[in-house]
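Chemist: coordinates only, no sequence provided:
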């Protein structure tokens, strides 16, 4: 197989296998559905651009989430005031397209909104650590490496973030 064809197949596999985790991570970080799709696209464009430097070690999801984290940080650095329709408009449209059951769609939107509001109450590091753990399914060692902190600090961010979420949800099981 030609090198470019192999690269195309690899990136297509990443998109198929990991785009949901990347999208969930970015939605958790940014909290705005209208920005997430553009950011997901940026992640995979950067992955394509860096395909020749990538060394296969079985950590494609961690690699893509690291790119996603950088995309999110870049967005926050250059963030300018924007006029948007708001997340509720996008959530309604997205949920309506995904299901024909209005009660299920309403329950999903309510739960997603509740979780997003709760995540906004966490510190930025707690939020990033939890999203990397649950959307990225990364090990705590990988999280510590991505956050550039010691393992115990990464564990602490996850633990305190979960404690805060439990309090915000009134002790509901998470």
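Modeler: Now that the structure is in, tell me what you want to look at. Source: prediction; values computed, not measured.

Chemist: and the helices in this protein?
Modeler: Across the chain, reading from the start of the chain, the helices by DSSP state H fall at 3-30, 33-49, 60-77, 87-98, 102-119, 124-134, 140-147, 151-168.

Chemist: so what touches the last one?
Modeler: The set of residues external to helix 151-168 that reach it, using CB atoms under 8 Å, 6 or more residues apart in numbering, is 118-119, 121-123, 125-130, 133, 140-141, 143-144, 147, 149, 172, 174. C-beta: built from backbone N, CA, C; applies to glycine.

Chemist: ok, now with 10 Å
Modeler: Counting contacts by CB atoms under 10 Å, 6 or more residues apart in numbering, the residues outside helix 151-168 that touch it are 114-115, 117-134, 138-150, 172-174.

Chemist: taking the centroid of this protein, which residue is nearest it?
Modeler: What sits nearest the mean C-alpha location of the chain, by CA atoms, centre = their mean, is residue 25, with 0.8 Å.

Chemist: looking at it, that residue is touching residue 31, isn't it?
Modeler: No. Contact status for residue 25 versus residue 31: not in contact, 11.8 Å apart, counting by CB atoms under 10 Å.

Chemist: so in the chain, where's the weakest helix or strand by average pLDDT?
Modeler: Among the helical and strand segments of the chain, the one scoring lowest on mean pLDDT, DSSP states H and E is helix 87-98, with a mean of 49.
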